[in-house]
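**Student:** Structure of the sequence below:
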Amino acid sequence: MSAPRRHLLLIDPQNDFCDIPGASLPVAGADADLRRMATLLAARGADIEEVTVTLDTHRRLDIAHPGFWTTAEGGAVPPFTAISAAQLRAGAYRPREAAALPRVQAYLDALEARGRYTLMVWPVHCELGSWGHNVHAGLQQALVDWQLARQRHVEFVLKGLNPWTEHYSALQAEVPDPADAGTQLNQALLQRLDSCDALWIAGEASSHCVKATVEDLVEHLPSGRVDKITLITDGMSPVAGFEPQAADFLARMQARGLRLARSAELLA
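**Tutor:** Numbering: from 1, shown residues only. Sure thing, here's the model as predicted:
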């Protein structure tokens, strides 16, 4: 019997999400998570056929960044402000570009209709070209070593470049834009992730981008073989204040048939 084809999916393992100096949106525990993933890749690299790394990728002006928004009085909107469709309709907040209001209102209405998120204004993070966009240094070295040892490329997948929609999931934006294929369901990535016998998943954060990616993966995996997915629980951490959402996500995925494991189990 041939050895199983393993695929490691690392979701947004970037500096801005790590609890290290200089990060704009640090997730407590992320630095240790990604160090463990570097150790796992170094130890089991010969048994891992493919590695995919997703990269949260934003512009300075983004619907989920403070510079896009103003209050009714013209004041700044601080990070970690949630903006609902009702608040926008009532004029409590508005886009700085007045002409954008109808598009933004339609977006918030569509976002809330999906029932997964309300718009959150985050600190500027993972801005294209910045240090914060880069992969965590320890993990990056492990990725380089794996590529040289296996003589194959890591597949990097960018998400979030469209400034008009949030893009937590690596597979599709929260509200896909019909005019932008980059926001729509990524069928090529789905096929790539489904072509393995075992899919290991880790990254940041378990409350948001990991959660959204895995939810979409379970919903759209062509084979339906969700039992081949392992979520590495000590390779991901939640954004502070969203711990219940992360715990609920893991419980729901386990109930769907996904495996939950710590990295030490995969090192055996």
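**Student:** okay but Tyr107 is in contact with Trp164, surely?
**Tutor:** Yes - the pair Tyr107 and Trp164 qualifies as a contact (CB atoms under 8 Å) at a distance of 6.5 Å. From N, CA and C alone the C-beta is placed, and that goes for glycine too.
**Student:** Give me the common contacts of these two.
**Tutor:** Both Tyr107 and Trp164 are contacted by Ile63, under the criterion CB atoms under 8 Å, 6 or more residues apart in numbering.
**Student:** what about those two, which has more around it?
**Tutor:** Neighbours were counted for Tyr107 and for Trp164 using other CB atoms under 10 Å; Tyr107 has more, 21 against 18.
**Student:** Could you measure from that one over to Asn162?
**Tutor:** In this view, Tyr107 and Asn162 are 11 Å apart by CB to CB, to the nearest Å.
**Student:** How about Leu143?
**Tutor:** Between Leu143 and Asn162 the computed distance is 26 Å (CB to CB).
**Student:** between these two, who's got more neighbours?
**Tutor:** Remark: of Leu143 and Asn162, Leu143 carries more neighbours, 24 against 21, as counted by other CB under 10 Å.
**Student:** What strand or helix carries Leu250?
**Tutor:** Remark: Leu250 resides in helix 243-256, with elements defined by DSSP states H and E.
**Student:** Following the chain past that helix, name the next helix or strand.
**Tutor:** Remark: after helix 243-256, the chain's next helix or strand is strand 259-261, criterion DSSP H and E.
**Student:** Please give me every residue in contact with the residue positioned nearest the centre of the chain.
**Tutor:** Taking CA atoms, centre = their mean, the centroid of the chain lies closest to Cys209, which sits 2.8 Å from it. Neighbouring residues of Cys209 by CB under 8 Å, 6+ apart: 11-12, 54, 56, 168-170, 203.
**Student:** Check which residues of stretch 243-257 are buried.
**Tutor:** 245-246, 249-250, 253 (16 or more other CB atoms under 10 Å).
**Student:** try stretch 189-200
**Tutor:** 189-190, 192-194, 196, 198-200.
**Student:** now those in a markdown table, with distance to Glu127?
**Tutor:** What follows is these, written out as a markdown table (distance: CB to CB, whole Å):
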| residue | distance to Glu127 |
| --- | --- |
| Leu189 | 23 |
| Leu190 | 28 |
| Arg192 | 27 |
| Leu193 | 27 |
| Asp194 | 32 |
| Cys196 | 32 |
| Ala198 | 34 |
| Leu199 | 30 |
| Trp200 | 29 |
